[in-house]
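Sharing a model prediction with you, sequence too.
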Amino acid sequence: MDSRRVFRVAKPYVAAVAVITLMVFLVATILLTQLNLEWMIFLTGVLTASILALTSRATRAEWSSLRKTARLSALQEKHKQELRLRERAEATLAKILPRLKFVDELLPVMLACVDLDTRFQYHNLAFREWVGLKADQINGQTMKDVLGRKIFGDLAPVLQSVLAGSVVSQQRTRTMRNGTVYRLLEQYVPYRGNNGELAGFYMLNRDITERSDLAGQVTAAAAGSSAGATPDARGTERDVYVDSSPEEIAGSKDAARQMVAAIERNDFKLFCQRIEPLAAERPGARHHEVLIRLVDEEENTSSPGAFFPLVEKYGLMPKLDRWVVEQAVKWASFRAPTGEQPEQSMLFINLASATIAEPDFPGFVGHLLKEHRLDAGALCFEIFTPDATHHHDQIVLLADRLRTYGCRIALSGFGRDQASFELLKDIKVDFLKIDGSLVLRIHRDPLDMARLKSVHRVARIIGVKTVAELVEDQATITVLRKLGVDYAQGFGISQPGPLSEIA
């Protein structure tokens, strides 16, 4: 044991022993010295001083004990307050956790937090799925490493503005490393630290990819699956159920029923995007591609990126396609008698691969045209080129029957590979919609420019019109016009809007 500690412990006892010893000496002196006054006075003084010293020490010890007791009481009260604060914090956290889970796992917006060194500090599940990386491959890594050199280079002006404290919003088409094309509404919002200084910025990307663009992401393997099967990497609906728990299956059935109910309640709304003629064209012609939105109870709209995979997953595309065709026919027939629908104007309607496989679909279209007395030339059905490749015989039959009624046929996503051109031997079409990935790269990729020219040259030979997809800016429009492309479509032409608001 430490000698100082021993001394502190023994010190009070030593003082008490000393006082007792002095008392013994005083008593002994009185008894042995026949009441010698000098000794009595001396020892009495020493004893008194010792008693006073001992009393003073006891008093100080008492005050020290009182102070420590008060301090202990204060600490106990502080501990109680901290416990109460902890309970409140836990209660608040319990309320916040569902919100945090929504932001991290369920929010359909891609969210990320980036510091001044352009390193990711946080991201949610939607962002992780978008970039196709694991969490540890994103957090702590630079934007250049995560997004790729191309996208990072495109963002240089944006980063300069947001790091200067400005909020930046834009719409861009992004091609990821795996070749997937996304149409995004991007927002970059600066944030400040506790000291008020700029600490970084938030990235908020919303997927506004249209249905026709989403169809372009379907792989050849998925296209070969049976009608109604899931067109993504998960295989058929049966495969999904085999790997699911009973609770997940019940939830899946509920989701499917809700989507069917949404179709039956007309919770969807038709939007459209203008297809602009680039060459001299009849001035009355106004073509539009029909798009679709899901409308909630508060009149908020969701783009296909939010609900389209779910509809495909549960084999509901044929039902949704029929709803779209019926609503489009009703709209067109309502406008036609008033002269508001120009003679050569058309509505381009996308068809899913599952719809293509339905043998009675052409009859359904014919019945609608007859019922509403609409000229079939007002409808042009778009078929995604890879779907046509993998369902060749069905597409040939479908196109022939629809053309019998007078409908037009377009192949979208055309020109990706040589197989596209082989289709033209058996399928008679009216429009070739040039794949947007080619259009996006014509300024920097000579090979894509050559492919685009090849598509247009073949179209001229067989007498069909060409439509360039995903046209972003005036520079691209100028190039396409010089090449002789007939039509252009994209955000550089017009923003999507409600079909009912077409002038």
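Looks like it arrived, so ask away. Numbering: from 1, shown residues only.

Note down every partner strand of the helix or strand containing Leu111 and its orientation.
Secondary-structure element containing Leu111, defined by DSSP states H and E: strand 110-115. The sheet places strand 110-115 alongside strand 120-123 (antiparallel), strand 198-207 (antiparallel), with pairing taken from DSSP bridges.

buried ones in it?
By neighbour count, with 16 or more other Cβ atoms under 10 Å as the criterion, the buried positions of strand 110-115 are Met110, Leu111, Ala112, Cys113, Val114. No exception for glycine: its C-beta is placed from N, CA and C like everyone else's.

Look up the closest residue to the second one, ignoring the ones flanking it.
The one in question is Leu111. For Leu111, the nearest residue in space outside its immediate sequence neighbours is Asn124; the separation is 4.6 Å by Cβ to Cβ, 6 or more residues apart in numbering.

how deep is the one you found tucked in, by neighbour count?
When counting by other Cβ atoms under 10 Å, one arrives at 21 neighbours for Asn124.

so it touches Cys113, yeah?
No: here Asn124 lies out of contact with Cys113, judged by Cβ atoms under 8 Å, at a distance of 9.7 Å.

returning to that earlier point: if we look at the strand holding Leu111, which residues are touching it?
Among residues not part of strand 110-115, those counted as contacts by Cβ atoms under 8 Å, 6 or more residues apart in numbering are 103, 120-124, 126-127, 130, 138, 143, 191, 199-207.

for the stretch 51-200 of the chain, what spans make up the helices?
125-131, 143-147, 149-154, 156-162 (DSSP state H, counting those that start in this stretch).

and the strands paired with strand 110-115 as a markdown table, adding distance to Ile20, mean pLDDT and mean neighbour count?
Shown next, in a markdown table, are these (distance: least, Cβ to Cβ, whole Å; pLDDT from 0 to 100; neighbours: other Cβ atoms under 10 Å):
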| stretch | distance to Ile20 | mean pLDDT | mean neighbour count |
| --- | --- | --- | --- |
| strand 120-123 | 72 | 90 | 19 |
| strand 198-207 | 71 | 88 | 19 |
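
Can I get these in CSV including distance to Ala328?
Conversion of those to CSV gives the following (distance: least, Cβ to Cβ, whole Å):
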stretch, distance to Ala328
strand 120-123, 39
strand 198-207, 24
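
So for Arg293, which of the ones you listed sits nearest?
Within these, the stretch nearest Arg293 is strand 198-207; the backing value is 13.2 Å (Cβ to Cβ).

Please tell me how far stretch 66-84 is from the chain's geometric centre.
The chain centroid and the centroid of stretch 66-84 are separated by 48 Å, computed with Cα atoms, centre = their mean, to the nearest Å.

Where do the strands of the stretch 251-400 of the chain begin and end?
Listed in chain order, the strands found in the stretch 251-400 of the chain under DSSP state E, counting those that start in this stretch are 268-277, 287-295, 301-302, 347-351, 379-384.

can you list contacts of the shortest one?
By that I understand strand 301-302. Outside of strand 301-302, the residues that reach it under the criterion Cβ under 8 Å, 6+ apart are Pro108, Lys269, Arg293, Leu294, Val295, Asp296.

run the last query once more with 7 Å
With contacts defined as Cβ atoms under 7 Å, 6 or more residues apart in numbering, strand 301-302 is touched by Lys269, Arg293, Leu294, Val295.

Now tell me what touches the lengthiest strand in the chain from outside.
Residue-count comparison of every strand in the chain, with assignments taken from DSSP state E, identifies strand 181-192 as the longest. Identification of contacts with strand 181-192 by Cβ under 7 Å, 6+ apart yields 158, 162, 165, 167-176, 198-210, 213, 216, 436-437.

Which positions within it qualify as buried?
Val181, Tyr182, Arg183, Leu184, Glu186, Gln187, Tyr188, Pro190.

mind checking pLDDT for the first one?
At Val181, the predicted lDDT confidence score is 71.

Make 45 the starting number, not 1.
Okay, using 45 as the starting number, the last item reads as Val225.

hey, what's it bridged with?
Beta-bridge pairing of Val225 under DSSP bridges involves Thr219.

again with Tyr531
Each beta-bridge partner of Tyr531 is listed here, defined by DSSP bridges: Pro321, Val511.

mind giving me the domain split of the chain?
Following automatic domain parsing, the chain resolves into domains at 47-146, 151-251, 255-545.

which of those domains is buried the deepest?
domain 255-545 (a mean of 18; mean count of other Cβ atoms under 10 Å).
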